[in-house]
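Q: I'll drop the sequence and a predicted model, then ask my questions.
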Amino acid sequence: MNVRGISVEETEVLVVGSGGAGLRAAIAAHDAGARVLILTKGRFGLDGATVAAEADMAVDSASCARRFGLPGDTEDSCDAFLRDMIVEGEYLNDQKLARRHVEDAPERLADLVEWGASLRELVLTPGHSAPRGVWIPGRDLASILRKQTQKRAVPVREHTFATRLVKGDDGLLGVLALDASSGEHVFFRGRAVILCTGGAARIYPYATVSEYLTGDGLSMAFDAGAEIADMEFPMFLPYTLLSPKAVRGIPFTHDVTNYLDAWALNREGVRYMRSWDPVRMERTTRDVNSAAAGVEILEGRGSPSGGTWLSLAHLPANLIAHSAQWFPESLRNWRYGGIDLGAILPDLSREAVETIPAAHFWNGGIRIDEKGATNVPGLFAAGEGTSGIHGANRISGNAITQIFVWGARAGASAAEYSRGVGTTSPDMEMIERFVLDDLKYLEKENGVSPADLRRKIRKTAWNNAGLVRDEERLRTALKDAKTLAASAELQTVSTRRRIFNREWLCAISNTRMIQVLRLTAEAAFLRKESRGAHFRRDFPETDDASWLHRILMKKSPSGDVTIERVPVEFPYFVPEGGKRPYGRKGGGHSEKKTKRHHPAI
Amino acid sequence: MKRKRNVTIRRFDPESGESCVRSYQVEAGEEKESVMNVLDAIAESVDPSLAYYGPCRAGKCGGCLMLVNGKASLACSVIAEGDLLLEPLPDRRILADLITE
């Protein structure tokens, strides 16, 4: 086999990922005096979830009013925001992290305003007891962050796919990456590495987010010895489009359910939400909507393509047509981004549309402390795919807040760390082995097709570790993960060309997806209750008597997984305890209705 | 009975420096599919060497901008109708096939 000479580049702080968290971290590290280099899988600032977000940033309402001149509620407080976050997180949040999160949020919004963000409106979203959603479209966020990064002349390596974290005896030494534009591996030496690689929604066949979110960073961190937590809580967004194929994964119809009185129907025409939340029906929380659809699908009452029906047909055609005039900009005239849904969807005054809960956000992931540091010296992480902030379920707006609060923290911490650390030489033999491990897929013939393997990964993830879980299914998921891991070793890539070889990148990230699936299934298997984004039909209650714990996982010395169950600490808000029905959030939850009521995103 | 769709793609191999035009025949799905769906079908079942880009799949990142039957379009946002001619955007350096700078 050929091992091409591996080139080495050096910097102080290496940022992996150029979405919101990555760019915010890079800016913070630069401003703290470090030399920074960014690697990103696709195009700078545009390849992850941030640019596509139609979203609000959650900041306490009093700050919104006092600091930013928005129509906020001056009676609100960081405490109230924290409480709502913890209630939505079903008491599994790391309350200390959550406290830092709500306290930092106004400062981070101030940065954005300084950088030119225009704050268009303030919205009240489900779960919040005051209007805290500062509306800034993702494309504006991406544009602002790109500009600030470019202003600081931070170098960015596009189409550069990190495949391994490289460790030395004392900590992290850098990242091995594959530059798709040259087909060559590069070892990037850094004194500190910040993983801002997003979540793993794309292990599922239905997802609302960038296809790059396959959990690569999560999996690499695990391999490097980082603690991973809360993997059983991938969040699904109900009522995303399923059919036709062209619009699969588009959240448009989810947003519509909060403006028009849409009905979720199973194939019998029954409005099934009645058995889950007879008061709020389809307007209940996302997790309950998702689990409910999951049960209909599982029990064979789904729609033809495997989802459930969403119907507006009970509404008059002119009422539906009038919505074009008052829907928010992101939905007006049935356009979503560049897509003209009006031309693609059927006439909704006459026909139902197939929808499905699609994987949307990863609530858990790499364990971080208040500095954004992991347990691996030199390894930091920020953004989606880190754990502790959201608990079992993320409250609306907090994904955007997370980017900025934790990107900034990790960037500053990594810069500080990089000043203190010495340079040890990497083991180039080990790096060569890593390179060969990536190259092996190009060397074989007639093995497993990466595209087929990916389909299999997604199928088992969906069926066995998805919306509705039970012991038998989770056992199957774990068994499949083992089989799939063995098959992954046998993947062959039909093209020898190294430059922009999609199939090769697919093969490599398949191994990452399989590991994420395994970790998710392990955690879900252990948690014998239902809570937030984790629903088990064999344990359908939320069990605060036994399960106010988080599930931590770490690579064992033998290379297997060590699993630990750790009790949650409650420095600020203590749950009542005892068993309760799934989905009922704790008390102190205001049902205030205002004119602006935007969907949870 | 599934219809066939002819897809002609202007390709560029950066390793050899050669350009060529390749034609593929794929089954047209029964449901409306986007040009991106068609590219995925070609890459998965017919020719995995095809290079294209556009991760968001929602008309937001701009990455899949290309000429579809001569018109600059986001491949993920355009419904594939009949036969297709797909080319990289003009006036930009082509990195591989449909991926430009």
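A: Okay, I see it. Residues are numbered from 1 along each chain as shown, chains lettered A, B, ... in the order given.
Q: okay, CA-based contacts and neighbour counts for the rest of this
A: Noted.
Q: who in chain B is up against chain A?
A: Counting by C-alpha under 8 Å from any C-alpha of the partner chain, chain B comes close to chain A at B:14-15, B:31-34, B:37, B:44, B:48-51, B:54-61, B:63, B:74, B:76-79, B:95-96.
Q: Would you mind giving me the PyMOL syntax to select the buried ones in those?
A: Selection of buried members from those for PyMOL, criterion 16 or more other C-alpha atoms under 10 Å in any protein chain shown:
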select buried, chain B and resi 14+32+33+34+37+44+48+49+50+51+54+55+56+57+58+59+60+61+63+74+76+77+78+79+95+96
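Q: Please flag which of the residues of chain B next to chain A sit within strands.
A: Using DSSP state E, the subset of these located in strands is B:74, B:95-96.
Q: would TSV of the residues you listed with pLDDT and distance to residue A:176 be doable?
A: Supplementary listing: these in TSV, determined by pLDDT from 0 to 100; distance: C-alpha to C-alpha, whole Å:
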residue	pLDDT	distance to residue A:176
B:74	96	32
B:95	96	22
B:96	97	23
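Q: what about the helices in chain B?
A: B:35-45 (DSSP state H).
Q: in it, which ranges drop under the pLDDT threshold?
A: Scanning chain B for pLDDT under 70 picks out the ranges B:1.
Q: same thing with the stretch 1-150 of chain A?
A: Along the stretch 1-150 of chain A, the model assigns pLDDT under 70 to residues A:1-4.
Q: could you redo the last one with a cut-off of 50?
A: Along the stretch 1-150 of chain A, segments meeting pLDDT under 50 span A:1-3.
Q: How about the residues of it by chain B?
A: Listed as neighbours of chain B in the stretch 1-150 of chain A under the rule C-alpha under 8 Å from any C-alpha: A:42-43, A:46-49, A:51-52, A:139.
Q: at 7 Å instead, please
A: The stretch 1-150 of chain A comes close to chain B at residues A:46-47, A:51-52, as judged by C-alpha under 7 Å from any C-alpha of the partner chain.
Q: so of the residues you listed, which ones are in strands?
A: Using DSSP E, the subset of these located in strands is empty.
Q: In TSV, list those along with distance to residue A:267 and neighbour count.
A: Output for the residues of the stretch 1-150 of chain A next to chain B, formatted as TSV (distance: C-alpha to C-alpha, whole Å; neighbours: other C-alpha atoms under 10 Å in any protein chain shown):
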residue	distance to residue A:267	neighbour count
A:46	39	28
A:47	37	30
A:51	36	23
A:52	32	25
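Q: which one of the residues you listed sits closest to residue A:227?
A: Of all these, residue A:47 has the smallest distance to residue A:227: 26.2 Å, by C-alpha to C-alpha.
Q: So what does that closest one have for phi and psi?
A: The phi and psi values for residue A:47, taken as degrees, to the nearest 10, are phi -110, psi 0.
Q: which residues touch it?
A: A:210, B:55-56, B:61 (C-alpha atoms under 7 Å, 6 or more residues apart in numbering or on different chains).
Q: go again using 8 Å as the cut-off
A: Counting by C-alpha atoms under 8 Å, 6 or more residues apart in numbering or on different chains, residue A:47 makes contact with A:18-19, A:40-41, A:210, A:212, B:54-56, B:61.
Q: Up against chain B, what does the stretch 151-300 of chain A have?
A: Within reach of chain B by C-alpha under 8 Å from any C-alpha, the stretch 151-300 of chain A has these residues: A:181, A:209-212, A:243-247, A:250.
Q: Of those, which pair is most distant in space?
A: Put simply, by C-alpha to C-alpha the two of those set farthest apart are A:181 and A:243, 34.5 Å from each other.
Q: residues near residue 91, how many?
A: Went with chain A since none was named. Residue A:91 sits with 28 neighbouring residues when counted by other C-alpha atoms under 10 Å in any protein chain shown.
Q: looking at chain B here, not the other one
A: Counted with other C-alpha under 10 Å, the neighbours of residue B:91 add up to 8.
Q: do the same with residue B:67
A: As a burial measure, residue B:67 scores 19 neighbours (other C-alpha under 10 Å).
Q: buried stuff in stretch A:348-366?
A: Buried residues in stretch A:348-366, defined by neighbour count with 16+ other C-alpha under 10 Å: A:348-349, A:352-366.
Q: brain fart, stretch A:145-156
A: A:145-146, A:148-149, A:154, A:156.
Q: Might you specify the subset of those residues located within strands?
A: Secondary structure from DSSP E places residue A:156 of the buried residues of stretch A:145-156 in strands.
Q: Just the buried residues of stretch A:348-366: which are in strands?
A: Per DSSP E, the buried residues of stretch A:348-366 map to strands at A:353-362, A:365-366.
Q: how does chain A divide up, domain by domain?
A: What automatic domain parsing lists as the domains of chain A is A:234-359, A:428-526.
Q: Quick one: those domains as CSV, columns for mean pLDDT too.
A: Converted to CSV, the domains of chain A look like this (pLDDT from 0 to 100):
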stretch, mean pLDDT
domain A:234-359, 93
domain A:428-526, 96
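Q: Could you save those as CSV and add columns showing distance to residue A:164?
A: Listed next are the domains of chain A as CSV, based on distance: least, C-alpha to C-alpha, whole Å:
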stretch, distance to residue A:164
domain A:234-359, 24
domain A:428-526, 7
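Q: Given the one helix or strand residue A:580 maps to, what are its sheet partners and their directions?
A: Per DSSP states H and E: residue A:580 is located in strand A:579-581. Note on strand A:579-581: by DSSP bridges, its sheet partners are strand A:541-543 (antiparallel).
Q: Following element in sequence after the strand it pairs with, please.
A: Remark: after strand A:541-543, the chain's next helix or strand is strand A:549-555, criterion DSSP H and E.
Q: helix or strand right after that next one?
A: Next along from strand A:549-555, by DSSP H and E: strand A:561-567.
Q: and which of the contacts of residue A:47 is nearest residue A:515?
A: Residue A:515 lies nearest to residue A:212 out of the contacts of residue A:47, by C-alpha to C-alpha, at 15.8 Å.
Q: what about residue A:428, neighbour count?
A: 12.
Q: sorry, that was for residue A:397
A: Residues near residue A:397, counting by other C-alpha under 10 Å, number 22.
Q: correct me, but it touches residue A:56?
A: Yes - Residue A:397 is in contact with residue A:56 according to C-alpha atoms under 8 Å; the separation is 5.0 Å.
Q: between these two, what contacts are shared?
A: Common contact partners of residue A:397 and residue A:56 (C-alpha under 8 Å, 6+ apart): residue A:133.
Q: Report whether the expected contact of residue A:117 with residue A:138 is present.
A: No - assessed by C-alpha under 8 Å, residue A:117 is found out of contact with residue A:138, at 11.1 Å.
Q: more neighbours, the two?
A: Legend: neighbour count by other C-alpha under 10 Å for residue A:117 and residue A:138, higher for residue A:138 (22 against 17).
Q: give me phi/psi at the more buried one?
A: In terms of degrees, to the nearest 10, the main-chain angles of residue A:138 are phi -60, psi -40.
Q: Counting neighbours, what do you get for residue A:548?
A: Here the number of neighbours of residue A:548 (other C-alpha under 10 Å) works out to 19.
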